[in-house]
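J.: sequence? don't have it. structure:
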């Protein structure tokens with residue numbers, strides 16, 4: 001398969017139908033495909049050859065949607081850049097993948113001179129922001145209007161389509177190489193689980209530089225649906241977009257759900273159009289899932305589990321298992337079962353498969369597994385040893401094939417020789433009615449090696465004492481798993497670029513200057 005095939009299908013099925021809505025702009029599929037073919041023509045006129053990279057540093061927009069396809073139409077590779085990086089980090093990524101063409105918007109205009117000094121590989125900067133292009137940059141809209149559309153280069157199959165950079169908190173960032181087949185396999189699995197079609201109106205609220213949000217671009221296009229895009233997530237913008245555009249499908253991460261549910265005027269929004277609501281990218285505590293189910297009783301909920309290296313989904317928990325009673329109850333804490341084209345196993349340190357119920361590392365194989373890491377053959381070989389993607393996640397599988405994620409391997413806390421999985425403790429804490437969000441980390445302890453430490457943010461109008469959190473946990477989990485210390489904060493917890501709670505930042509003050517590496 002090839003990813004630009006989705007554009008042709010959408011144009012054939014719904015040429016005059018709405019393809020994308022961004023703010024006050026709305027375009028049809030005929031218009032979007034024509035613009036993509038013209039933008040691809042611009043890239044080729046600037047010297048882009050088959051396999052060359054094109055990068056974008058911008059917030060989500062309708063132009064970002066076009067960027068997902070134009071480099072591919074031109075025969076190249078698209079590289080979305082993390083908008084939260086410092087300039088030296090951005091430069092390092094550009095020097096790694098060496099694109100000659102960079103697209104930027106208003107938010108990153110002032111970074112361009114420093115980027116060009118640090119990354120001389122970038123020879124052309126295209127202004128994808130609003131208003132006239134700054135001096136020295138190519139105007140996106142003017143160039144599209146002046147450039148003739150070109151024919152699709154028809155690269156596909158195992159050809160490299162995208163480079164998504166991930167990690168980098170403890171070392172060099174890794175460019176995850178995803179092929180046309182990788183991302184097409186992900187879309188096929190999504191269709192089987194989500195039921196998308198040409199009537200789908202999907203809200204993209206996460207950052208499109210991240211595959212958790214970006215993979216839905218290819219899926220919604222392939223089903224000839226409609227993309228609704230907001231530049232950055234806020235609970236208000238998310239809910240207003242659903243209400244205004246009658247969005248019927250959306251995807252969130254747990255921290256976004258927490259922020260939405262904390263809005264005092266939440267019930268003022270009309271969410272009746274929502275039919276499909278999926279969540280993932282991090283474990284969703286059961287208490288939080290139940291609150292989402294209460295908010296959207298009419299919607300089909302689906303949990304997705306995976307990682308960028310898996311394009312990104314390898315398992316799902318369908319709506320029918322979002323049950324608290326009956327024969328399908330008991331699966332709500334799981335990450336579901338392998339998607340139709342994925343194989344999943346739980347293995348020990350020697351890669352031997354473990355029996356049901358035993359905790360080990362989750363490994364995956366199938367057509368969604370990445371090609372490898374860009375320019376990092378040793379890391380590729382380690383991650384893909386034996387033909388399986390080693391996720392770095394610890395979990396177990398029950399006798400029906402449901403996978404239960406217990407922690408990142410690196411997040412496991414070893415206290416007094418006992419393994420404590422932070423997600424289990426967090427699930428317990430989230431059941432306290434006054435808790436808005438929490439994170440559990442290991443901190444240094446002279447006696448036990450590591451101690452379980454919880455950081456808690458109460459709900460608006462609520463107060464909670466540290467000892468209350470500890471006593472609450474004692475009623476739900478073993479004593480050795482309970483927090484030995486609790487910090488109560490009034491401010492939201494720090495988030496990673498993917499809107500996950502950033503445990504690296506939370507752990508750093510406790511482990512700084514110690515021999516143990518802070519992951």
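T.: Thanks, I have the structure now. The structure displayed is predicted, hence computed values, not measured ones.
J.: Let's verify the residue of the chain positioned farthest from its centre: helix, strand, or coil?
T.: Most distant from the centre of the chain: residue 447, at 38.2 Å, with distances by CA atoms, centre = their mean. Assigned with DSSP: H, G, I helix; E, B strand; the rest coil, residue 447 falls in the coil class.
J.: do the same with residue 386
T.: Under three-state DSSP, residue 386 falls in the helix class.
J.: Low-confidence bits of this structure, can you list those?
T.: For the chain, the stretches flagged by pLDDT under 70 are 167-171, 283, 417, 514-519.
J.: what about 50?
T.: 168-170, 515-519 (pLDDT under 50).
J.: Break it into its domains for me.
T.: Following automatic domain parsing, the chain resolves into domains at 5-177, 233-408, 413-511.
J.: picking that back up, list the contacts for the residue farthest from the centre of the chain?
T.: Residues counted as contacts of residue 447 (CB atoms under 8 Å, 6 or more residues apart in numbering) are residue 416. C-beta here means a position set from N, CA and C on the backbone, and glycine is covered the same way.
J.: now the strands: where do they sit in the stretch 151-300 of the chain?
T.: Residue ranges of the strands in the stretch 151-300 of the chain, as given by DSSP state E, counting those that start in this stretch, are 160-166, 174-179, 201-204, 226-229, 249-252, 276-280, 300-306.
J.: quick one, which of these is nearest to residue 66?
T.: Residue 66 lies closest, by CB to CB, to one member of these: strand 226-229, at 10.7 Å.
J.: by contact count, what packs against the closest one?
T.: Applying 3 or more CB pairs under 8 Å, 6 or more residues apart in numbering; DSSP states H and E, one finds that strand 226-229 contacts strand 18-22, helix 62-67, strand 201-204, helix 211-222.
J.: who's residue 165 bridged to?
T.: residue 175 (DSSP bridges).
J.: neighbours around residue 496, how many?
T.: By other CB atoms under 10 Å, 19 other residues sit near residue 496.
J.: hang on, I meant residue 326
T.: Per other CB under 10 Å, the neighbour tally for residue 326 reads 8.
J.: Roughly how far does it sit from residue 320?
T.: Here the criterion is CB to CB, to the nearest Å. By it, residue 326 lies 10 Å from residue 320.
J.: cool, and residue 175?
T.: 38 Å.
J.: who's more crowded, those two?
T.: Applying other CB under 10 Å to residue 175 and residue 320 shows that residue 175 carries more neighbours, namely 23 against 12.
J.: circling back to that earlier point, do you know which of the domains of the chain lies nearest residue 203?
T.: Within the domains of the chain, the stretch nearest residue 203 is domain 233-408; the backing value is 4.3 Å (CB to CB).
J.: follow-up on the earlier one: okay, the helices and strands packed on strand 226-229 in TSV with mean neighbour count and distance to residue 124 next?
T.: Formatted as TSV, those follow (neighbours: other CB atoms under 10 Å; distance: least, CB to CB, whole Å):
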stretch	mean neighbour count	distance to residue 124
strand 18-22	22	24
helix 62-67	24	14
strand 201-204	24	27
helix 211-222	25	23
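J.: Now the ones you listed in a markdown table, please, with extra columns for distance to residue 379.
T.: What follows is the helices and strands packed on strand 226-229, written out as a markdown table (distance: least, CB to CB, whole Å):
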| stretch | distance to residue 379 |
| --- | --- |
| strand 18-22 | 36 |
| helix 62-67 | 27 |
| strand 201-204 | 30 |
| helix 211-222 | 18 |
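J.: For residue 190, find the nearest of the ones you listed.
T.: helix 211-222 (4.6 Å).
J.: Go ahead and confirm residue 9 touches residue 222.
T.: Yes: Residue 9 lies in contact with residue 222 (CB atoms under 8 Å); the separation is 6.4 Å.
J.: show me the contacts for residue 468.
T.: residue 432.
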